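Visitor: Task: produce atomic coordinates for the following.
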Amino acid sequence: MAEPKLEISPQDLKKMREQGAPHLVVDVREKWELDVAALPDFKHIPLGELQTRFAELPKDRPLVMFCRSGRRSMDATLFLHKQGYGQAVNLRGGVLSWAAEIDPSMKTY
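Guide: Numbers count the residues shown, from 1 in each chain. Alright, predicted model coming up:
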């Protein structure tokens, strides 16, 4: 059996968005971080709340987990896979990579 795909690149997410492919970006950062930089059209569930709120997430489409650098969102991705969310993927590099590769106007911190 093939290993599940755990990460996508900022370019992959950009393509998904441009093509209108079904997906949901889930931002696991803290509220104050959203005030610095955020992607449009996302669901906010801070990592510390994910264990009690993951049932709010759909299982019928890819979930793109997102944070500042990709570390917290990878933890979230691995947790969701254990809960049966096989389409959860981490956005490699998070805000930092998105800003560097896709949207240089996005603030980084």
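Visitor: can you tell me the helix or strand for the most centrally placed residue in the chain?
Guide: Per C-alpha atoms, centre = their mean, the C-alpha nearest to the average position across the chain is that of Met65, at 1.9 Å. Element membership for Met65 (DSSP states H and E) is strand 63-66.
Visitor: buried stuff in the following helix or strand past that strand?
Guide: Of the helices and strands lying after strand 63-66 in sequence (DSSP H and E), the nearest is helix 71-82. By neighbour count on 16 or more other C-beta atoms under 10 Å, the buried set for helix 71-82 is 72-77, 79-80. Quick note: C-beta positions are derived from backbone N, CA and C, even for glycine.
Visitor: Quick one: mean pLDDT for helix 71-82?
Guide: Mean pLDDT, computed over helix 71-82, is 98.
Visitor: go on, stretch 54-64?
Guide: 97.
Visitor: picking that back up, could I get the buried residues of helix 71-82 in TSV, plus columns for distance to Met16?
Guide: Converted to TSV, the buried residues of helix 71-82 look like this (distance: C-beta to C-beta, whole Å):
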residue	distance to Met16
Arg72	21
Ser73	16
Met74	18
Asp75	22
Ala76	18
Thr77	16
Phe79	22
Leu80	18
